[in-house]
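here is a sequence together with a model predicted from it:
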Amino acid sequence: MTSATLRHTAYVLRGNPVTLVAGCGAAFLIAIAILGPWIAPYGPTVSNVPMALQPPSAAHWFGTDQLGRDVFSRVLVATRLDLAIAASAVSLSFAIGATVGAFSGYAGGRLDRWVGRFVDVLMAFPLFVLAMALVAALGNRVENIIYATAIINLPFYIRFARAEVNVRRNSGWVEAARASGNSHVRVVLLFLLPNVLPAMAVQISLNLGWAILNAAGLSFLGLGVQAPTPEWGIMVAEGARFITTGKWWLVVFPGAALMTAVLCFNLLGDGLRDILDPRMRT
Amino acid sequence: MSLAAAIARRAGRRTLSSIPALFGVIVFTFLLMRVLPGDPAVFFASGPNAGEAEIQMVREQMGLDKPIPQQLLLYLKDIATGNLGRSMNTGQPVVTDLINRLPASLELTFTALLLALSLAVPLGILAALRPNSLVDHGVRFLCTMGVCVPTFVSGLLMIYAFYYLLGIAPDPTGRLDVFASQPPVVTGFLLIDAAIAGEWESWAAAASQLVLPASTMALFVLAPLARMTRASMLAVMTSDFVRTGEALGLSRRRVVLVYALRNALLPVITIMGIVFSTMLGANVLVEKVFSWPGVASYALDGLLTSDYAPVQGFVLLMAFIFVLVNLLIDVLYGLADPRISIE
């Protein structure tokens, strides 16, 4: 990072403290994801039936669930799984989507048309419904939630990379790279992809929030993550049974954790866009 | 060429161009059926107790012993004749179940869409007319939060607030209270059926069941709609024709609501496709939260009990509806902006 970029970043952050807060929030979440199991005061799956369905107290900050498990510990420990699912899904679709999109945009012609058609078919499905169907087809397991979330994110990366590479493919520095003897594959991977990467970073951050929502939605429906595993979506699903009798803490705390995570990554994405592309600032 | 003819031509052209996408959707669901766990012949047979001989017969009948391309043709024929298999859970043909349950889902989705639009558009206009005012910041806050709260959490919180704490919402299960009388089925939309029959008590009961799930869904799609209205309204308000209108002494109301709004709504119409896709997804979660007897909860029940024929039927139906909605949006866009119909 050059000093000009640093100065620009500092300037944007001064004018937009929300981004700084969101960045700190994201860092905090990642810290909890790493440290969660060690800082949790109780075991996340240790039940204590006499203490079932207790409201929040000094001993149990977020209350206890129907088996007497500590909701605070479960929310903390769940952070790792939720973030890991979203992060692996997004990196998978980024890696595949950016490569496919970049090559397709660079090559043009028939390959580009077929890729475009494939994206159109994917986009013809309501995406969450497609994810449900994919989990059904691949089998009800956690890794399939990752694949399903990755596949429904794919169209955005393909389109994005395709459009960005398409406008650059005939620019002077690409011609120069080709003229000095680089193969097409080298031109795409070493010259074009790094050039569109900053713009895609924004997409990644915005997509992370969306991926967290989708993955949690799937496990709320009972797909993927199975019962005793602490995970925000499934915790809300279990708490849902007690909401009509007023046991709010079973839904509110995992729900708030989900919301915080999505909010941090969304705001961070908006902030990144401001730093990287001042024209898009709103 | 007259305008109506131009719009009709455009609609026709768009219908033709959506055929590849539809075909892709069918091929995709076909492939999905091939990779689904379990033997398709088993669930297309009468049920889990079907004998070996019957399964073998169904297998031959369905052509599962034939090569894949030929099977695809058979699948296309099945879809064309409305044969989507039979649900093991209900024992009914999937098509019958879907037709019976679709109105519940559509009623929910359309009410939510209407609710979201009637809130988002005025809010977006207000925010755009006074940038950086309290209203603007309020709308921005609402939009930022709206996309972050998962529908299943906001739905449950609404149940907690309005059913448990305030006691003003009815028991959040199903479309109609068990004590309310069911109006005779005409369209399947309870609000319309009750209105036709003149049973206003049932109408009120159905409406009160609908308010919470519809608001939950509306809240989730409020953000993109309001944000887009605000952004395009802001852009339109600085354009030449607005300045001209103001210079000519037209009232502010006329300039904003007649000239600016019509132009500002064009980008809003274009994002309706994405919004609708989000809504069909959110529909699944909301139907689960409120035990809504729609197509999504039907498919979900199937999914969790390894009854796959309803799942395929549902996915196919959703994709068809989505393609249809995109077509409709396209036609609407042509109506709202006649320039693009005449080249």
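It's in. Numbering: from 1, shown residues only, chains lettered A, B, ... in the order given.

flag the shaky bits of the chain, pLDDT-wise.
As the question left the chain open, I've gone with chain A. Counting by pLDDT under 70, chain A shows low-confidence ranges at A:1-2, A:277-282.

let me rephrase: I mean chain B.
Residues of chain B that meet the cut-off, pLDDT under 70, sit at B:1, B:33-50, B:61-63, B:178, B:341-343.

just want the most central residue of it.
B:Leu280 (4.3 Å; C-alpha atoms, centre = their mean).

which element, helix or strand, includes that residue?
helix B:261-289 (DSSP states H and E).

is chain A contacted by that helix?
Yes. Contact check for helix B:261-289 against chain A, using C-beta under 8 Å from any C-beta of the partner chain: residues in range are B:Phe276, B:Ser277, B:Thr278, B:Leu280, B:Gly281, B:Ala282, B:Val284, B:Leu285, B:Lys288, B:Val289. (Each C-beta comes from the backbone N, C-alpha and C, glycine too.)

would TSV of those with distance to B:Asn326 be doable?
Shown next, in TSV, are those (distance: C-beta to C-beta, whole Å):
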residue	distance to B:Asn326
B:Phe276	8
B:Ser277	9
B:Thr278	14
B:Leu280	12
B:Gly281	15
B:Ala282	18
B:Val284	19
B:Leu285	22
B:Lys288	26
B:Val289	27
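
chain A: which of these is nearest?
Distance ranking of those against chain A, using C-beta to the nearest C-beta, places B:Gly281 first at 2.6 Å.

name the nearest residue to A:Ile96, sequence neighbours excluded.
The shortest distance from A:Ile96 to any residue other than its chain neighbours is 6.5 Å, reached at A:Leu154 (C-beta to C-beta, 6 or more residues apart in numbering or on different chains).

quick one: the one you found and A:Ala95 touch, right?
No. Between A:Leu154 and A:Ala95 there is no contact, the gap being 10.4 Å when judged by C-beta atoms under 8 Å.

so between the two, which is more surrounded?
More neighbours sit around A:Leu154 than around the other of A:Leu154 and A:Ala95, counting by other C-beta atoms under 10 Å in any protein chain shown; the figures are 20 against 12.

what segments of chain A are helices?
With helices called from DSSP state H, chain A shows them at A:3-15, A:17-39, A:71-107, A:109-123, A:127-138, A:142-168, A:172-179, A:184-186, A:193-220, A:232-240, A:249-276.

buried sites along the first one?
This points to helix A:3-15. Across helix A:3-15, burial judged by 16 or more other C-beta atoms under 10 Å in any protein chain shown covers A:His8, A:Thr9, A:Val12, A:Leu13.

could you do the third one as well?
For helix A:71-107, burial by neighbour count (16+ other C-beta under 10 Å) applies to A:71-83, A:85-90, A:92-94, A:96-106.

try stretch A:162-175
So, applying 16+ other C-beta under 10 Å, buried residues of stretch A:162-175: A:Arg162, A:Glu164, A:Val165, A:Asn166, A:Arg168, A:Arg169, A:Val174.

up against chain B, what does the stretch 151-282 of chain A have?
Taking C-beta under 8 Å from any C-beta as the criterion, the stretch 151-282 of chain A approaches chain B at residues A:209, A:213, A:216-217, A:220-223, A:233, A:236-237, A:239-240, A:243-246, A:248, A:251-252, A:255, A:258-259, A:262-263, A:266-267, A:282.

which stretch of helix or strand covers B:Ile168?
When elements are assigned from DSSP H and E, B:Ile168 belongs to no helix and no strand.

OK, contacts around it?
B:Ile168 is in contact with B:Phe162, counting by C-beta atoms under 8 Å, 6 or more residues apart in numbering or on different chains.

okay, it and B:Leu219: tell me how far apart.
With distances taken as C-beta to C-beta, to the nearest Å, B:Ile168 is found 18 Å from B:Leu219.

wait, does stretch B:207-217 make contact with chain A?
No. Interface with chain A: stretch B:207-217 contributes nothing (C-beta under 8 Å from any C-beta), its closest point being 12.1 Å away.

now the helices: where do they sit in the stretch 1-150 of chain B?
Secondary structure of the stretch 1-150 of chain B, counting by DSSP state H, counting those that start in this stretch: helices at B:3-17, B:19-35, B:40-44, B:52-62, B:68-80, B:94-129, B:134-146.

now those in JSON lines, with distance to B:Phe162 and mean neighbour count?
Formatted as JSON lines, the entries for these read as follows, by distance: least, C-beta to C-beta, whole Å; neighbours: other C-beta atoms under 10 Å in any protein chain shown:
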{"stretch": "helix B:3-17", "distance to B:Phe162": "42", "mean neighbour count": "14"}
{"stretch": "helix B:19-35", "distance to B:Phe162": "38", "mean neighbour count": "17"}
{"stretch": "helix B:40-44", "distance to B:Phe162": "40", "mean neighbour count": "21"}
{"stretch": "helix B:52-62", "distance to B:Phe162": "49", "mean neighbour count": "14"}
{"stretch": "helix B:68-80", "distance to B:Phe162": "42", "mean neighbour count": "13"}
{"stretch": "helix B:94-129", "distance to B:Phe162": "15", "mean neighbour count": "20"}
{"stretch": "helix B:134-146", "distance to B:Phe162": "18", "mean neighbour count": "16"}
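
so which of the ones you listed is nearest chain A?
When the helices of the stretch 1-150 of chain B are ranked by distance to chain A, counting by C-beta to the nearest C-beta, first place goes to helix B:19-35 at 3.3 Å.

count of residues packed around the closest residue to A:Ala201 other than its chain neighbours?
For A:Ala201, ignoring the flanking residues on the chain, the nearest one in space by C-beta to C-beta, 6+ apart is A:Leu272 at 5.9 Å. Neighbour count of A:Leu272, defined by other C-beta under 10 Å: 23.

grab the nearest non-local neighbour of residue 245.
I'll assume chain A. Here the nearest residue to A:Thr245 in space, its sequence neighbours aside, is B:Tyr164; by C-beta to C-beta, 6+ apart that works out to 7.4 Å.

my question was about chain B
B:Val255 (4.5 Å).
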